[in-house]
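# need a structure here:
(one chain, ligands or ions: 1)
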Amino acid sequence: MIGIEGINKAFGKFEVLKNINLDLGGDNIIALIGANACGKTTLIKTILGMVIPDSGKISINGIEISNQWQYRKLIGYMPQIGRYPENMRVGQVLEMITDLRGSETQNMDEELYEGFKLKDILDKKMGTLSGGTRQKVSAHLAFLFNSPILILDEPTAGLDPLSSFLLKEKIRTEKEKGKLILITSHILSELDDIVSQIIYMEEGEVIFDKSIHQLKEDTQKSRLSEAIPHLMKLKLEKA
Ligand SMILES: Nc1ncnc2c1ncn2[C@@H]1O[C@H](COP(=O)(O)OP(=O)(O)OP(=O)(O)O)[C@@H](O)[C@H]1O
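As a prediction, the model looks like this:
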């Protein structure tokens, strides 16, 4: 579904993405992991067209995305920090975004709206919401338009355990429908039960891209939260 070929990006002299090549297929939950500032969000933003790479190309369903915008309706995006007009009420924001999406509103998915009980906060101003409640609004908007690709940047950060559980169940059911779901998270234990593929980045480079099954076999560790630190430790010992 998403093809990434030879992507490079620098901010000034600082190379944030170095020759990234990935092929991300559907019916898959892929975890994009790596230390703070290794380039995960920048990579996501190049897929969304919010950051323009210096070289390389990205295609979605075989069509190159440069200078295009229509492809974005194929993607539901949950940002790390959702930014909204602070004076608008939750109900107004939901209405505005639904209006903007226009023709795509026939097949809306209201499951998280119900699960997170967003009806109870429609009158609250965005600027007064707690961090976790803001995350719930962002999660609902990411899933609302039934997009075949979901990109979720730290989706469970700040969510209470029940909301986090609901969101993970939702992610799982959407994968069953054949969707491609790309998730970044630092909470490896959260990813253990849901992801099928791991992309591990360091300092702007993809160090490995493999199935969780393969990773567990290679490291002889049964949990992602043990396998990744094990690999990092091995690397440090070799250096
Ligand atoms: N617009 C920008 N201008 C200059 N530097 C930037 C810009 N956007 C990102 N960077 C830098 O690029 C590097 C990678 O940032 P990015 O947000 O992609 O990291 P990340 O892997 O998502 O980190 P985290 O895990 O902390 O969310 C950081 O050093 C960041 O400061």
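# so where does the most centrally placed residue in the chain fall, helix or strand?
Geometric centre of the chain, nearest residue: residue 152, 2.3 Å, by C-alpha atoms, centre = their mean. In the assignment (DSSP states H and E), residue 152 maps to strand 149-153.
# What of residue 226?
For residue 226, the host element (DSSP H and E) is helix 224-238.
# Ok, residue 56 next?
Going by DSSP H and E, residue 56 is part of strand 55-60.
# helices or strands up against that strand?
strand 2-11, helix 40-48 (3 or more C-beta pairs under 8 Å, 6 or more residues apart in numbering; DSSP states H and E). In short, each C-beta sits where N, CA and C put it, glycine included.
# For that strand, give the mean pLDDT please.
Average pLDDT, strand 55-60: 96.
# what mean pLDDT does the next helix or strand along the chain from it have?
Using DSSP H and E, the helix or strand that follows strand 55-60 in sequence is strand 63-64. For strand 63-64, mean pLDDT rounds to 92.
# Stretch 106-122 too?
For stretch 106-122, mean pLDDT rounds to 93.
# how about it: buried residues?
Applying a neighbour-count criterion of 16 or more other C-beta atoms under 10 Å, one finds 109, 111-113, 115-116, 118, 121 buried in stretch 106-122.
# And stretch 31-42, by the same measure?
31-34, 38-42.
# Residue 75 versus residue 64, what's the distance?
To residue 75, residue 64 is 15 Å away according to C-beta to C-beta, to the nearest Å.
# more crowded one of the two?
Using other C-beta atoms under 10 Å, the more surrounded residue of residue 64 and residue 75 is residue 75, with 21 against 13.
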